[in-house]
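S.K.: what follows is a protein structure lacking sequence information:
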């Protein structure tokens, strides 16, 4: 069971991520690349600096800086000097960035929702419970 579970996890998650990417890009308001969307998703939760964003998305700080710079120019992200360390800039969503993120997220959720309709209500409930367990597991890693 242990090895089957890890194998299923390794096989299922990338496939799920591909489907999410596909739906994100199908969104009528899709004006972002996947990396840009991921930045907005992180910043929707809390303000972060370039280093934190780079670490959470698995890219170099230099690459993150270039990505964020373009998003600042598009007025999707704003930078504010950290009150305790003026050398550090905290990044957060602008109103325009939040509106675009929420619109893309809503459209993607609606598109994904139709895929779950092939499952019975019991299967949907089981999947929901399994996803909650997965979140619990991933938060402890």
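M.R.: Arrived safely. Everything numeric in this text was worked out from a predicted model, so none of it was measured.
S.K.: in contact with residue 39, which residues are there?
M.R.: Residue 39 makes contact with 53, 57, 64, 67, 68, 71, 77, according to CB atoms under 8 Å, 6 or more residues apart in numbering. Bear in mind the C-beta positions are built from the backbone N, C-alpha and C, glycine included.
S.K.: so the fourth one is in which element?
M.R.: Think residue 67. Per DSSP states H and E: residue 67 is located in helix 61-73.
S.K.: so how far is whatever helix or strand comes next after that helix off the chain centroid?
M.R.: Downstream of helix 61-73, the next assigned helix or strand under DSSP H and E is strand 77-81. Strand 77-81 sits 20 Å away from the centroid of its parent chain (CA atoms, centre = their mean, to the nearest Å).
S.K.: strand 77-81 pairs with which strands?
M.R.: Strand pairing for strand 77-81, using DSSP bridges, gives strand 89-93 (antiparallel).
S.K.: what comes up buried for the helix holding residue 67?
M.R.: For helix 61-73, the neighbour count (16 or more other CB atoms under 10 Å) marks 64, 67, 68, 71, 72 as buried.
S.K.: per-residue pLDDT, the second one?
M.R.: This means residue 67. Here the pLDDT value assigned to residue 67 is 95.
S.K.: go on, residue 86?
M.R.: Listed pLDDT for residue 86 reads 78.
S.K.: gap between it and residue 80?
M.R.: The gap separating residue 86 from residue 80 is 11 Å, by CB to CB, to the nearest Å.
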